[in-house]
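Novice: Need the 3D shape of this:
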Amino acid sequence: MKMQQFELLNAPPPFFQILKNASYYAEKDMRKRIELKDIKAGYSSTKNLEKTRLLDKLSSHHRLFYELVKKKKEVNSGELWKIYLSECKRLGKQPIALRTYSEYMNRLIELGIVHWDRALVRGKVRIFRLN
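Specialist: Numbers count the residues shown, from 1 in each chain. Here you go, the predicted model:
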């Protein structure tokens with residue numbers, strides 16, 4: 001068996017989950033066929049499935065950054081770092097280094113979990129928000 005096929009069996013793409021949910025909605029309405037409205041409902045119920053799977057594979061610090069951005073809606077990089085340090089202190093966690101923070105945020109951006117814009121201030125300040 002090829003590696004790609006094995007990965008497909010291990011982690012089905014969201015398409016199959018959408019179809020599964022769509023069939024559930026059609027069956028719930030006692031219909032024998034899946035309609036477009038069922039697919040739309042199935043899609044909306046699995047929108048965050050991929051994001052959740054990606055976050056599960058990342059470290060607790062990645063997830064903490066995600067949760068902080070989610071909570072604040074929009075936050076600049078300096079403010080996020082300060083909030084992160086105070087949250088680590090509150091949780092009794094050892095915070096990561098500032099350089100590692102930058103790498104972790106870049107990883108969240110690469111994965112499409114967090115979006116960023118350059119802040120209209122001096123320096124390398126970014127504004128983070130969720131996609």
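
Novice: Can you give me the domain assignment for the chain?
Specialist: Following automatic domain parsing, the chain resolves into domains at 3-47, 54-130.

Novice: so how far is the first one from its chain's centroid?
Specialist: Pointing back at domain 3-47 there. 20 Å (C-alpha atoms, centre = their mean, to the nearest Å).

Novice: picking up where we left off before, now tabulate the domains of the chain in TSV and tack on mean pLDDT and mean neighbour count.
Specialist: The way it works is simple: take the backbone N, C-alpha and C, and place the C-beta from them, glycine included. Below are the domains of the chain laid out as TSV (pLDDT from 0 to 100; neighbours: other C-beta atoms under 10 Å):
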stretch	mean pLDDT	mean neighbour count
domain 3-47	75	13
domain 54-130	85	14
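
Novice: So for the protein, the centremost residue is which one?
Specialist: K51 (3.4 Å; C-alpha atoms, centre = their mean).
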